[in-house]
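Asks: Here is a sequence with its predicted model. Questions after.
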Amino acid sequence: DTDAGVTVIDDAPAFRLERVPGGVRLQAQQVAQIGADGALVPTPEVDVQRLFTLDRVGESWRITDLPQGLILDRIEVSLAFRAFDIYFMNPQQTFLVPDPRYLPLDQAGSATTLVKSLLEGPTRWLRPAVESLIPAGTSLVVDSVPNDNGVASVDLTSEFLDADVVEREQAA
């Protein structure tokens, strides 16, 4: 569940798995965190521990309780996420400010994921410094952004029409 966040661990030195009563404990060094909004926040290398509770079912062991969120090493992050910049206006509406995001590669496609992120607004750390000119409540009419030969078709709800002509142009 990427909405619960992603803990990025260092792959060198390798993480350790240790059997403990009732399960397995993962020990590793955290190097970054990816929030639900896609913001990558480097962290000082801190030791993290996560407990995975196991139960025996017949001849097999099953995970019956695990921590929320994903735990990925740097290589796994590079395979499962892609870095994108989403742009918002500065308060004077004179230039665009990039808001870097790490977004999961999923079946919905990059165009859909990017537009949804744009509609959700800037990340928490950038929010005080930028503006989204897309009116509140605007969403996709259909939960998909088709991409035909590099041209994305974005069908937005009528809330988008609440913006004036200049704001719609800048939002586009």
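Replies: That came in fine, so what should we check first?
Asks: CA atoms for contacts and neighbours, from now on please.
Replies: Will do.
Asks: How about the secondary structure of residue 8?
Replies: strand (DSSP: H, G, I helix; E, B strand; the rest coil).
Asks: OK, contacts around the closest residue in space to residue 51 that isn't next to it in sequence?
Replies: Leaving aside its chain neighbours, residue 51 sits nearest to residue 25 (4.5 Å; criterion: CA to CA, 6 or more residues apart in numbering). Residues in contact with residue 25 (CA atoms under 8 Å, 6 or more residues apart in numbering) are 17-19, 49-52.
Asks: With pLDDT as extra columns, can I get those in a markdown table?
Replies: Compiled in a markdown table, the contacts of residue 25 are given as follows (pLDDT from 0 to 100):
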| residue | pLDDT |
| --- | --- |
| 17 | 88 |
| 18 | 91 |
| 19 | 91 |
| 49 | 90 |
| 50 | 90 |
| 51 | 91 |
| 52 | 91 |
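Asks: Which one of those residues is nearest to residue 38?
Replies: residue 50 (22.0 Å; CA to CA).
Asks: Which of the helices or strands spans the closest one?
Replies: Using DSSP states H and E, residue 50 sits within strand 40-57.
Asks: Show me the contact partners of that strand.
Replies: With CA under 8 Å, 6+ apart as the criterion, strand 40-57 contacts 22-35, 61-67, 100-102.
Asks: These, buried ones only, as a PyMOL selection?
Replies: Only the buried entries of the contacts of strand 40-57 go into this PyMOL selection, using 16 or more other CA atoms under 10 Å:
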select buried, resi 23+24+25+27+28+29+30+31+32+33+34+35+100+101+102
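Asks: got a pLDDT number for the residue nearest to residue 53 when sequence neighbours are not counted?
Replies: Setting aside the residues directly before and after it, residue 53 is nearest to residue 23 in space (CA to CA, 6+ apart), at 4.3 Å. pLDDT for residue 23: 90.
Asks: Look up which residues are beta-bridged to residue 23.
Replies: Per DSSP bridges, the residues bridged to residue 23 are residue 20, residue 53.
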